[in-house]
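Asks: curious how this folds, go ahead:
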Amino acid sequence: MRNMSRREFAILTAMSIIGLIASGIVLYELYVIHNPPPFCTIDATLASTPFNCMKVLTSSYSDVFGVSLDFLAALWFIINIAFVSILTFADKQLAKRIFYVLFVWRFFGIAIVPYLIYLEFFVVHSICLYCTIMHGAIIIDFVIVSYFLFSRHSNIRHTIFQTTV
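Replies: Numbers count the residues shown, from 1 in each chain. Here you go, the predicted model:
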């Protein structure tokens, strides 16, 4: 790998893979076999809000213009992994641009999360375990890319931008 080590690649893609698995489970269970995802209803609450995936996944807020938010999340995670793959093997000029694009892409993801959490807690009054996993993955993804882009200790930043660590 030219612009990063295998470890750095794994770190930059780990949360996207976790988010992709969570969204994939929902897509398969709910839209393919028409069953609630496993662990959809948990006998627990968070801030007096119960865990009930089906209430969230079947609410009127679960799609945008007829497209499932879970499908859009899966697409977001796939594009995220594609950007990291391009960043890994691109020449330095393209890698610099892709690094910034990756940051903006992940910022776009993290900017949507508070709204989705608001919908779950205050509008739908239920929490989806799989959505929470995806939200966490998006937040951690943003923290990771921010570290790699802005930290003086980042080997990826050093490699791509030819700075000293």
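Asks: can you name the next helix or strand after the one helix or strand residue 15 maps to?
Replies: Residue 15 is located in helix 6-26, with elements delineated by DSSP states H and E. Next in sequence after helix 6-26, counting helices and strands by DSSP H and E, comes strand 41-46.
Asks: can you pull the buried residues of the helix or strand just after that following strand?
Replies: Next in sequence after strand 41-46, counting helices and strands by DSSP H and E, comes strand 49-52. Residues of strand 49-52 classed as buried: 51, 52 (neighbour count, 16 or more other C-beta atoms under 10 Å). Any C-beta I mention is one placed from the backbone N, CA and C, and that applies to glycine too.
Asks: need the next SSE after strand 49-52, C-terminal direction.
Replies: Per DSSP H and E, the first helix or strand lying C-terminal to strand 49-52 is helix 53-57.
Asks: which neighbours does the next helix or strand after that following helix have in its sheet, and in what orientation?
Replies: Using DSSP H and E, the helix or strand that follows helix 53-57 in sequence is strand 63-64. Its sheet considered, strand 63-64 pairs with strand 67-68 (antiparallel) by DSSP bridges.
Asks: if I look at the spatially most central residue of the chain, how far off is residue 131?
Replies: With distances taken as C-alpha atoms, centre = their mean, the residue of the chain nearest its centroid is residue 138 (3.4 Å). Here the distance between residue 138 and residue 131 works out to 10 Å (C-beta to C-beta, to the nearest Å).
Asks: and residue 144, what element?
Replies: Short version, using DSSP H and E: residue 144 is in helix 129-150.
Asks: pull the CA atoms of that helix into CSV?
Replies: C-alpha atoms of helix 129-150 as CSV (Å, rounded to 0.1, in the frame of the first residue of the first chain):
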residue,chain,number,x,y,z
LEU,A,129,-30.2,-0.6,17.8
TYR,A,130,-29.0,-0.9,14.2
CYS,A,131,-29.4,2.8,13.6
THR,A,132,-27.4,3.5,16.8
ILE,A,133,-24.6,1.3,15.6
MET,A,134,-24.6,3.2,12.3
HIS,A,135,-24.6,6.5,14.1
GLY,A,136,-21.7,5.5,16.3
ALA,A,137,-19.8,4.2,13.2
ILE,A,138,-20.3,7.5,11.4
ILE,A,139,-19.1,9.6,14.5
ILE,A,140,-16.1,7.4,15.0
ASP,A,141,-15.3,7.5,11.3
PHE,A,142,-15.3,11.3,11.4
VAL,A,143,-13.0,11.3,14.5
ILE,A,144,-10.6,8.9,12.8
VAL,A,145,-10.3,10.8,9.5
SER,A,146,-10.0,14.1,11.4
TYR,A,147,-7.0,12.6,13.3
PHE,A,148,-5.3,11.3,10.2
LEU,A,149,-5.8,14.6,8.4
PHE,A,150,-5.0,17.1,11.1
